[in-house]
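Colleague: Model the structure of this input:
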Amino acid sequence: MSRPNTRSKNKRQRQGDDVDNTTEIWRKIHKTGGITEEDINQLYMIWKPVCSGCRVNAKDNPNCFCALVPPPNGSRKSGLWMKTSDFVESLGPDPTKDLRASASSPAGLTNLGATCYANSILQCLYMNKSFREGIFSVEPEVLQQQPVLNQLVRFFVQLHVSKMAFIDSSPFVKTLELDNGVQQDSHEFLTLLLSLLERCLSHSKIAKARTIVQDLFRGNVSHVTKCSQCGKDSEASSKMEDFYELELNVKGLQSLYESLDDYLAIEELHGDNQYYCDSCRARVDATRSIKLRTLPEVLNFQLKRYVFLPKTTTRKKITSAFSFPAELDMRHRLFESSPFELIYDLSAVLIHKGSAVNSGHYIAHIKDENTGQWWEFDDENVTNLGRHPFGEEASNSTSKLAKTDVVHSNCSEAKIADSNGNGLDATLSHSSHVETFSSSDAYMLMYHLKRSKDVDGKGVMFSGTNHKGERDAVTAQDDACLPFHLREEIKNINASYLDACEQYKQKKELELSRINERRQEVRSVLAEAPVQPLKQPFFWIYSDWLRQWADNIIPTAVDNTSIQCSHGKVPVSKITTMKRLSSQAWDKLLSKHGGGPTLSHDDCCWDCLIEGARNVVSADTYRDRRESLKQLARDVLDGNCEDGKYYISRPWLQQWWKRKVLDAPSEADAGPTAAISCPHGQLMPEQAAGAKRVLVPEDFWLFLYEDSISVKPDDPLGCPTFPFDSRECSECSNELSEVACFEDSLRLVKQRQRQKHEKLFLGKSMPLSLHCKYFLVPSLWISKWRNYVNPSVKNSDKPETLDGVIDSLKCEKHSRLVERPPELVFRRSAIVPRESSASGVTVISENDWKLLCEEWGGNEAKGISAKIENIDESENVLIGSCEELPVCEDQLGSSDKVNNETENGQFVIKTCPEVCESCIGEKESCELMQKLNYCNENITVILVRGKEVPRSILEASKGFVETERRASKRTRKTKNGSSISLKVSASTSIYQLKMMIWESFGVVKENQLLQKGDKTIDIDDEYTTLADVNIFAGDQIIVRDSEIHENRDIAEELYDEKMDTQHTEEGFRGTLLTSNASSQAV
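Modeller: Numbers count the residues shown, from 1 in each chain. You can find the predicted model right below:
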C-alpha cells in the first residue's frame, strides 16, 4: 500500500489566480458601479472553505479558527492555557508543602545562611528525651528571667508539636547573638552551649531541671602520674576533672576501640621528660595516663579530624574511614571496677561533609528513642533511614554499614584495673554480635546508656526502646510534659497554620474549577464557530478580540469597533482582521460577555467597495505607467535617449530605477532636482560634488514632477525645474574655479616636497656619518608632515610652523634640549638610528633642515644641531654632559665580525644646545607619577607552560619588540601558554593579583612565579602594591607554575580570607555563649 502524500498538507495555496479574479471584480465595479452577491463573496473571501489543522491562524481566511487554542495535550507560557503547575505556582507559596508528614515524623530547622552547625547540635539535644523533659520542666518565672532558656523551650515546643515540617530557628539564634553568615565548629558550639545552659538552669528550684546538663553529659577523669621507682601516684592524680565529651584522635587509627585505647594508653616519661617525685626527691622515670572515674548517661566522643600542617601552616581534614559499633561496653574501661555493665547504645552521629576545614556542611543522623527509627536531619530536610544510622541499604562512599560480626565486647585486649590501680591483662571470655558502622565524615558520636545490670544478674534496669503497643502512651506522656503556659499559644499557631492550608486548598480548587470552566467554554464556542462557505446567517467578529478571549482567564466585553468603517458597516479593507462566526456562537458570546456592535452578513459596506474599486483601478494605472517608464529611465542612464528636455539628478534617477514599483508614490520619489539645485536657486555646476545630471523627456519629467509634488505638497522650495537650456550658476562656477586652482597649486607644492625629501617622506633609515652636521626635529611633527604631503591621505591636518615646534624642544629655564636623541646602532657597515627607540626627535640631514625651514617658516639659526663622533673606550664620557652624550651601541652579530666591521670604540652624539638632564628628570618623574596613578585599567597576564619563557612573550612583556627583526606570525598564538586581561589599579596588592590569577588559571598563589620582562617579581610582603613594583596599565605579566605546593580549592582561601577580615579566629567571642564561659572538654 502506497504512503499518502502529505507534503503540501499545511502549505498555503498559490494566490495568483485569486488576485487576478479580485482585480477583475474591482475593475468591473469601477466600470459599472454595480455590486453583486457573488462580488461580495469573492472580495470578503466568504467563499473560502473552513480549514482545519493549520499550525497558525490564517489571516487571509475568515473561516479559519485554527491555533486559537493549543492541542488537547498542549500548553502555553501564560494565560488560560498555561500548565496547571505554572498556574498553581502563580497563586503564591503553598503552605501545605510545609506540613509535617505525620506526628511521628520529626521537624527540620531552617538554615539562616551558615547555621547548619547549630541546627545539627540542637536536633541532637532535642531528640534526647531526658534532656527535652528536663528543659520542659523549668518554671515559667525562671524562663522570664533567662531569655536563652525561654527561647530554647519555645523552640523545643515547636519541634515537638508544631504542624510545620520545619521550624524557624532565627529567634533562638538571635538570642545567642550568633552571626548567621559565619560557619563555626559544632563541637565548640555544643561545649559552650552546655556551659551556658548549666549556668542558666542553676536558677531553677526543680532538681530535675537544675542539674539536667550535669546528670546527662558530665563525667569525671583523673590524670594519673606514677613513679616507676616507688610506685606512688602524684598528689594531683587523686584530683578528678569534669568532662562533657571525650576528644579522641583519628589520624592513623581505624576504629573507636583503637581511639579509646590510644586515649587511655600509658605514656612513658623518661629522659628530658622525667618526672620529679616528691617521695624520691629526684627526677625519675614515670608513667602518665588518663583514668575514667565516672561515665555520664550520654557519652559524647569528639573525633579530632582536623590536624595542623606545620609546612603550610594550615589545617587539613582527615577523611579516612573510621568504624564504630552500634553498642559499646565501657565497664572495663573504668579506672575502678564497676558492679554494673555499662552498655551504651549509638544514638546520634554528627557528620561534616566536605574536604575543607573552614567550610563544608553539618548534618546529623539521630535515633528516635520512642520508635528506634533513625532520621537524617539536613536543615529543613528530614529523611527516614530505617533501623540503621546510614540507611537500610547504605552504600554511600563516605558512610556505610561496615559489618556484623562476633567480636569481643571491648574489641581488644583491655586493661582491667584492680582496687590498687594496677592494670592486669585479661581477655573477655564472653562475646556477642556487634553491628559496626564506618564513616569518613563522622565528626561526633553520641552514645546513650542502654542498660545497667550487675554482673550477677541482679537488679536489672532497662532504658531501651519501647514496643509498638507502648508508643501511643509514650507520645501522650511526652505531650503531658509540655509547659502549660505554652500549650495554648502553640495550639493557636497550629490552628492558624492549618486554617491557612485550608484556605489555600479552597482557593486552589476554586481557581482550577474556574479555569476548567473557561477552557470548556472556549472549546465549545470554537467548535460551533465555523460557518460553511456562502451560507447565511453569520456574524463578523474582530480577530484580535477573539484571540484574547480564547487566551485570557477573564475576558473583556465583545469589541467590534476596530472593524467598523465611518459608515458603521464592515469595510472590505478589514477582511484580514475579522472572522465569520455562526449565529449560535455569536449569541453565546454576546449573552455572556455583552458588548458589540453586532455586524451581520448584511452589513458589508457598499460605499467602501465603490471607493476601494476606484483606488484599485487608480493604483493599477499608476503601476502600469511607472513600469513602462522604467525602461525609459534605463535608456536615459545608458545614454540612449536623445530627446531629453529637462535636467534631473543622475544618482536620484539611479535609485528611482532600482526601487520596487508600488501602487502610489512614496517619500523617496520627492526631490528629483534637489541635488542639482545650488543655494542660489539655480542649476549647480556639474563639476560640483554630487551634481551629476541627465536629460529626460518632457512626459517623463511631468510624471516625476507630479509624484514629487504629491508626496510633499507643503514643501516651500517645491521641485525646481531646469530645462535643457538652463545656465549654470555663475557664482557657484567662480567659487569652484577658485577652489580647483587652489587645490591644483597645493597638490603641486606637496609633490615638490615629496621629491625634495624623498628618503624622509618614505621613512627610510638614513646612514649617519662621523663629524657630519645633522639636525633634530620632533618626531610627531615629521609624522604630521608625512600625512599632509601624502596624496593617499585625505583631509589630514596641516603641520605647525617649525619655529614654534623647535622652541617646544627647549626648556624655558636653561634653554637646553628636553628630549634625548635616538639611540644608534651599527648595522651593515653604517650608523643608523634605532627604529624601536622611544625618543621624541628624529635625525634629519642639514639639507633637509634648510629646505624645511624655507617651506615651513623655520629659522635655520634656531635649529638643534647634532654631530656623530667616535670616542675611545678608555675615555670617561658622562651621559648628559654639556658637550657630549654617549649613545647605546648594539653588539655586532657574527656576520658583522666576518666583514671586519667591529670597532673598539663608542659612538656619541654631540648636540647644540646640550641635553638638560635636570629638566628631563623632572619631566620623567611627572610622567611616572601619572603612570602610577591609574585605576581600573587592564593588564595582560600570560600563563607560560614549561620552564623557559618563549622569546616573543618575553620581549612583549619588556614593552617593546625590535622592529628590525621580523616577528613570526605564529608567535601571536602559541601553545606554550594562555593569556587573560585583568582589571587592576595602582593600589591593587600582589596578593589580590595572585588571587585573580588563581581564579583564572587555577594556579595556587604559593606556586605562582611572576615576572615582568627579565625582572622577577619576588616580594616577601604580599600586600605590596602594583605601583611599588612598577607594574603599569597595559603591562604584560608572565606567570609560571612552580608545582611545589599541593593544589587546593580557591574557595578555602577565599573563606579563610573572609575569616581573617572578620576576625573569626575569635570564634564565638561577642556572643552570649562566651559570657563567663570556659571550655569543659578534656
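Colleague: Just list whatever residues bridge to Leu445.
Modeller: Applying DSSP bridges to Leu445 gives these bridge partners: Phe301, Val349.
Colleague: For it, give me its contacts.
Modeller: For Leu445, the contacting residues are Leu256, Asn300, Phe301, Leu303, Phe324, Leu346, Ala348, Val349, Leu350, by C-beta atoms under 8 Å, 6 or more residues apart in numbering. The way it works is simple: take the backbone N, C-alpha and C, and place the C-beta from them, glycine included.
Colleague: and if we set it to 10 Å?
Modeller: The neighbours of Leu445, taking C-beta atoms under 10 Å, 6 or more residues apart in numbering as the test, are 245-246, 248, 256, 259, 299-303, 322, 324-325, 328, 344, 346-350, 389, 437, 439.
Colleague: Hmm, Trp849 is touching Ser865, no?
Modeller: Yes. Counting by C-beta atoms under 10 Å, Trp849 does reach Ser865; the two are 8.7 Å apart.
Colleague: Looking at those two, which one has more neighbours?
Modeller: Neighbour totals were compared for Trp849 and Ser865, and Trp849 leads with 21 against 14 (other C-beta atoms under 10 Å).
Colleague: In contact with Phe301, which residues?
Modeller: Contact analysis of Phe301 by C-beta under 10 Å, 6+ apart lists 245-248, 256, 259-260, 263, 324, 328, 442-447.
Colleague: at 8 Å instead, please
Modeller: Neighbouring residues of Phe301 by C-beta under 8 Å, 6+ apart: Glu245, Leu246, Leu248, Leu256, Ser259, Met444, Leu445, Met446, Tyr447.
Colleague: Tell me which residues are up against stretch 163-176.
Modeller: With C-beta under 8 Å, 6+ apart as the test, stretch 163-176 has contacts from 97-101, 107-110, 112, 115, 118-119, 122, 147-148, 151-152, 154-155, 158-159, 180, 379-380, 382, 494, 497-498, 1071-1073.
Colleague: filter those to the buried ones?
Modeller: By neighbour count, with 16 or more other C-beta atoms under 10 Å, the contacts of stretch 163-176 hold 98, 100, 107-109, 112, 115, 118-119, 122, 148, 151-152, 154-155, 158-159, 379, 382, 497, 1071-1073 as buried.
Colleague: What about those, which are in strands?
Modeller: Among these, DSSP state E puts Gly108, Leu109, Val382 in strands.
Colleague: surely the first one meets Asp379?
Modeller: Okay, so that is Gly108. Yes. Contact criterion C-beta atoms under 8 Å: Gly108 and Asp379 qualify, at 6.1 Å.
Colleague: for this structure, where's the lowest mean pLDDT among helices and strands?
Modeller: strand 423-426 (a mean of 32; mean pLDDT, DSSP states H and E).
Colleague: for the biggest helix by length in the chain, packing partners?
Modeller: Ordering each helix of the chain by length in residues (DSSP state H) puts helix 484-528 first. With contacts taken as 3 or more C-beta pairs under 8 Å, 6 or more residues apart in numbering; DSSP states H and E, helix 484-528 sits against helix 84-90, helix 147-161, helix 543-551, helix 583-593.
Colleague: how about CSV for those, with distance to Asp663 and mean pLDDT added?
Modeller: Output for the helices and strands packed on helix 484-528, formatted as CSV (distance: least, C-beta to C-beta, whole Å; pLDDT from 0 to 100):
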stretch, distance to Asp663, mean pLDDT
helix 84-90, 47, 80
helix 147-161, 78, 90
helix 543-551, 25, 90
helix 583-593, 35, 90
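Colleague: mind putting these in a markdown table, distance to Ile939 included?
Modeller: Shown next, in a markdown table, are the helices and strands packed on helix 484-528 (distance: least, C-beta to C-beta, whole Å):
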| stretch | distance to Ile939 |
| --- | --- |
| helix 84-90 | 47 |
| helix 147-161 | 53 |
| helix 543-551 | 55 |
| helix 583-593 | 67 |
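Colleague: Those: which one's closest to Ser573?
Modeller: Closest approach to Ser573 among the helices and strands packed on helix 484-528 (C-beta to C-beta): helix 543-551, 14.0 Å.
Colleague: how much does that closest one deviate in direction from helix 583-593?
Modeller: Counting by axes from the mean of the first three to the mean of the last three C-alpha atoms, to 10 degrees, helix 543-551 points 70 degrees away from the direction of helix 583-593.
Colleague: Can I get helix 543-551 as PDB, trimmed to CA atoms?
Modeller: The C-alpha trace of helix 543-551 is given here as PDB (Å, rounded to 0.1, in the frame of the first residue of the first chain):
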ATOM      1  CA  SER A 543      -9.900  38.600  15.300                       C
ATOM      2  CA  ASP A 544      -7.800  40.200  18.000                       C
ATOM      3  CA  TRP A 545     -10.700  40.200  20.500                       C
ATOM      4  CA  LEU A 546     -11.400  36.600  19.600                       C
ATOM      5  CA  ARG A 547      -7.800  35.700  20.200                       C
ATOM      6  CA  GLN A 548      -7.700  37.500  23.600                       C
ATOM      7  CA  TRP A 549     -11.000  35.900  24.600                       C
ATOM      8  CA  ALA A 550      -9.600  32.500  23.900                       C
ATOM      9  CA  ASP A 551      -6.300  33.200  25.800                       C
END
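Colleague: tilt between that helix and helix 484-528?
Modeller: 140 degrees.
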